[in-house]
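*Asks:* Quick one: sequence plus predicted model below, questions after.
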Amino acid sequence: MSNTSQFDASASMLGYIYQIRFALYLSLKKLSDLADPEQLNVSIEKLDDIAFDSDGSPEELLQTKFHGDEGNITDRSSDIWKTIRVWVESIESGEISLGNVILSLVTTQAVAEDSLASLLGVGPKRNIDEALEIMSGICEESNQTNEKGYKAFKSLSVAERKSLLSAIYVVGRSEDLLKIRENMKPIARQSVPVQAIDAFLNRIEGNWFKWVVEALSKTPSTVINLGVLQELVENIRPEYALTNLPAEYVDALPDAMDVDNDMRVFVKQMRLFNAPKKLIELAITNYYRAFEQRNKWAGDGLLNPGEISGFDRKLFEKWYEQQAFMEIQEALDTEEAKRAYSAKLYQYCQQQGIVPIRPDFVEEYLSKGSYHMLSDDLKIGWHPEFEQLGNASNEGVA
């Protein structure tokens, strides 16, 4: 049997998202229980829907069954018998070894009292002998949908059947997509302040989905080491502290840049002192990064009331103070002198005028780009006569 299971899911997109999110939830839960997360891997659609292994040796396999409609998982449910078939063939192929692995069937459907699923559950009513008796009787019936599952179960000896059922745990009424997300929040709260939980989880989940796609795109599909997940959590945790903010646009670039035809006010301000094209390109890039970052923080609910306006005020005061000093020192009687003054003022704000929005936020693109946002609104300027641009067009904003 190939590394990629022949029992690939054919469920809806919601089923796939449920499977991937549930894998992340389980992985985050395991991090706090593991002495060394690097010793454990998780895979999706490889050994099973979700599988945890240590150095290639499976420790826990999970079949996830997402149902949009409410209902009970019955004794003859195809979810049970298809899963039995998957696991029996994995045993026969040598992919898993009974006695060393936990097999879980996780379904959003309910488990009825005294049903087969309840006998294979995790509560006090778990009864392997009774479950074995029920299943041995059912698999003698005729059922086209479950035929292969019945045949697979019957191919095992009585001892093998009992060993298989001893490893199986059925979990009913598994949370839906939104509830799983809610269940991750207490885990995230151990790492970040409560107001940062959603943004923190969004960042982790975004990376997780990317890793899953990359793993599934390879042939054979690969695993995700939990050490990588632990490293991500540890690396981004400080960015969500009360004294910091996540720097998510450090390397971001505008989709397009046309310096010559850019008619935004902050670009026109730079043309007033004949700024070279490379400097304007840097300005456009920093404007983009700051604009997007500020909107992202606002959308994620990470900013305190009045925090951005207070930050802009500090930038304005830096500019205003430096402008006042320079007006005392500089002679502005010629256009060449005005351009020289403008370049010096601009250089000061972009190099010495960096203001941290929070004590631990060290990326400079926010201050540099925010100066351009203020410039775009004509709240500040570089040339002594910048206010004459009041009627400039701001069309074509990237």
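*Replies:* Yes, it's here. Residues are numbered from 1 along each chain as shown.
*Asks:* Name the SS class of the residue lying closest to residue 247 once chain neighbours are set aside, please.
*Replies:* With sequence-adjacent residues excluded and distances taken as CB to CB, 6 or more residues apart in numbering, residue 247 is closest to residue 363, at 4.4 Å. C-beta: built from backbone N, CA, C; applies to glycine. Classification of residue 363 using DSSP: H, G, I helix; E, B strand; the rest coil returns coil.
*Asks:* What are the phi and psi values at residue 363?
*Replies:* Main-chain dihedrals, residue 363, degrees, to the nearest 10: phi -70, psi 130.
*Asks:* my read: residue 386 touches residue 378, true?
*Replies:* Yes. The pair residue 386 / residue 378 is scored as a contact, 6.9 Å apart, by CB atoms under 8 Å.
*Asks:* Distance check, the residue nearest to residue 247 against residue 252.
*Replies:* With distances taken as CB to CB, to the nearest Å, residue 363 is found 11 Å from residue 252.
*Asks:* which other helices and strands contact the helix or strand where residue 200 lies?
*Replies:* In the assignment (DSSP states H and E), residue 200 maps to helix 197-217. Judged by 3 or more CB pairs under 8 Å, 6 or more residues apart in numbering; DSSP states H and E, helix 197-217 is in contact with helix 13-31, strand 41-44, helix 177-189, strand 224-225, helix 226-236, helix 277-300.
*Asks:* Buried residues in the longest strand belonging to the chain, which are they?
*Replies:* The longest strand of the chain (DSSP state E) is strand 57-65. Neighbour-count burial for strand 57-65 flags 58, 60-65 (criterion: 16 or more other CB atoms under 10 Å).
*Asks:* Same check on stretch 135-155?
*Replies:* Under 16+ other CB under 10 Å, the buried positions of stretch 135-155 are 135, 138-139, 146, 149-150, 152-153.
*Asks:* Report the distance from that stretch to the chain centre.
*Replies:* 41 Å (CA atoms, centre = their mean, to the nearest Å).
*Asks:* who's in contact with that stretch?
*Replies:* 75-76, 78, 80-85, 88-89, 92, 116, 161, 165 (CB atoms under 8 Å, 6 or more residues apart in numbering).
*Asks:* Which of those residues are buried? Put it as a ChimeraX command.
*Replies:* In ChimeraX, a selection of the buried entries from those looks like this (16+ other CB under 10 Å):
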select :75,80,81,82,83,84,85,88,89,116,161,165
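*Asks:* Report the two of the contacts of stretch 135-155 separated the most.
*Replies:* 75 and 92 (24.1 Å; CB to CB).
*Asks:* wait, is residue 249 part of a strand?
*Replies:* No. Counting by three-state DSSP, residue 249 is not part of a strand but coil.
*Asks:* Is it in contact with residue 292, as I believe?
*Replies:* Yes. Judged on CB under 8 Å, residue 249 makes contact with residue 292 at a distance of 5.3 Å.
*Asks:* Could you check which of those two is surrounded by more residues?
*Replies:* residue 249 (21 against 15; other CB atoms under 10 Å).
*Asks:* Fine by me, we can end here.
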